[in-house]
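Colleague: Structure for this input, please:
(one chain, ligands or ions: 1)
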Amino acid sequence: MRKLAAGNWKMNGLALSLPEARDLGRMFPSPACDILICPPATLIAQMVWTVQGSPVKVGGQDCHTKVSGAHTGDISAAMLKDAGASAVILGHSERRTDHGETDALVKAKAEAALAAGLIAIVCVGETEAQRDAGTTLDVVGAQIDGSLPEGATAANLVIAYEPVWAIGTGRTPTIAEIAKVHAFIRDRLTRHMGADAAGVRLLYGGSVKPSNATEIFAVPNVDGALVGGASLKAEDFGKIVAALSAAA
Ligand SMILES: O=C(CO)COP(=O)(O)O
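Modeller: Numbers count the residues shown, from 1 in each chain. Below you'll find the predicted structure:
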């Protein structure tokens, strides 16, 4: 499978400046992994234009469940697709927390994404309290069961495991813990999707940096990363892409 380095800019404007984004494409003319940048919605079309002709693809950070209609402030998957996006992040813990997104809503959004021809990057992950209570696998399993879209295939579904307590904190689970959760996710997907689950890319997210990327990418069932803070600097994100390409 092609591994995936995805950058989530979150609510940061021209974090990686557009010329730098173009440079990122030039740095890796034929990378051994896929590269995706998910800027705020206001920058998607501009980013698509900027990285045209390079291997860098562009994605959204959320979408509505409907194609169009009276939903002030929302953006549909079809609109992301029209703007040139090829993927969308769904059910990020920040959206689950800030906007009360439930598994059922994430599933409906993911189904809208697939219907629009986008890759759905569905995020799961436990809070620190849940980890301390020893319920990580129960939480992640329930999120997978509840958020997985109908019609998912290895080509249109990506799962991102992002422990909430590791996001933006500089803390990461141990390599053994990442391996355990990723193996669990693969197994859980197999229950839903059968043999197709083997080809679904499982990203790790949460404080991925150039300094820990190589170690994390060597973990079985880690097929890439969903990177927040370090994707805001072209140099750092470039190093993470290089580490993933080397692991591919
Ligand atoms: O939330 C994340 C990506 O979606 C991870 O963020 P950080 O890489 O900043 O920890």
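Colleague: what's around residue 215, how many residues?
Modeller: Counted with other CB atoms under 10 Å, the neighbours of residue 215 add up to 13. Heads up, the C-betas are built off the backbone N, CA and C, glycines and all.
Colleague: can you give me the strands in the protein?
Modeller: Under the criterion DSSP state E, the chain contains strands at 3-8, 33-38, 56-60, 87-90, 119-124, 157-161, 201-205, 224-227.
Colleague: export these to TSV and tack on mean neighbour count, mean pLDDT and distance to residue 111?
Modeller: Putting those into TSV (neighbours: other CB atoms under 10 Å; pLDDT from 0 to 100; distance: least, CB to CB, whole Å) gives the following:
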stretch	mean neighbour count	mean pLDDT	distance to residue 111
strand 3-8	26	98	20
strand 33-38	26	97	19
strand 56-60	24	97	15
strand 87-90	26	98	10
strand 119-124	27	98	8
strand 157-161	27	98	11
strand 201-205	24	98	19
strand 224-227	29	98	21
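Colleague: Out of those, the one nearest residue 191 is which?
Modeller: Residue 191 sits nearest to strand 157-161 of all the strands of the chain, at 13.4 Å, using CB to CB.
Colleague: Return the angle between stretch directions for the closest one and strand 201-205.
Modeller: 30 degrees (axes from the mean of the first three to the mean of the last three CA atoms, to 10 degrees).
Colleague: Quick one: residues in contact with strand 157-161.
Modeller: Residues outside strand 157-161 that contact it (CB atoms under 8 Å, 6 or more residues apart in numbering) are 4, 6, 87, 89, 110, 114, 119-125, 140, 144, 148-149, 178, 181-182, 185, 189, 200-205, 226.
Colleague: got the residues of this structure near the ligand?
Modeller: By the rule CB under 6 Å from any ligand atom, the part of the chain lying against the ligand is 8, 92, 162, 167-168, 205-208, 226-230.
Colleague: isn't residue 231 right up against residue 239?
Modeller: No: Residue 231 is not in contact with residue 239 according to CB atoms under 8 Å; the separation is 11.2 Å.
Colleague: Tell me which of the two has more neighbours.
Modeller: Legend: neighbour count by other CB under 10 Å for residue 231 and residue 239, higher for residue 231 (28 against 17).
Colleague: okay, now the residue of the chain found nearest the ligand: neighbour count?
Modeller: Using CB to the nearest ligand atom, residue 228 is the residue of the chain that sits closest to the ligand, at 2.2 Å. If you count neighbours by other CB under 10 Å, residue 228 ends up with 21.
Colleague: Which neighbouring elements make contact with the worst-scoring helix or strand of the chain on mean pLDDT?
Modeller: For the chain, using mean pLDDT, DSSP states H and E, the weakest element among its helices and strands is helix 18-27, scoring a mean of 86. Other helices and strands packing on helix 18-27, by 3 or more CB pairs under 8 Å, 6 or more residues apart in numbering; DSSP states H and E, are strand 33-38, helix 44-50, strand 56-60, helix 234-247.
Colleague: Buried by neighbour count: which residues of the longest helix along the chain qualify?
Modeller: Scanning the chain for the helix with the most residues, using DSSP state H, yields helix 175-193. For helix 175-193, burial by neighbour count (16 or more other CB atoms under 10 Å) applies to 178, 179, 180, 181, 182, 184, 185, 186, 188, 189, 193.
Colleague: same question, stretch 106-113
Modeller: Neighbour counts over stretch 106-113 (16+ other CB under 10 Å) mark 106, 107, 108, 109, 110, 111, 112, 113 as buried.
Colleague: Just the ones in helices from those, please.
Modeller: Short answer: the buried residues of stretch 106-113 in helices (DSSP H) are 106, 107, 108, 109, 110, 111, 112, 113.
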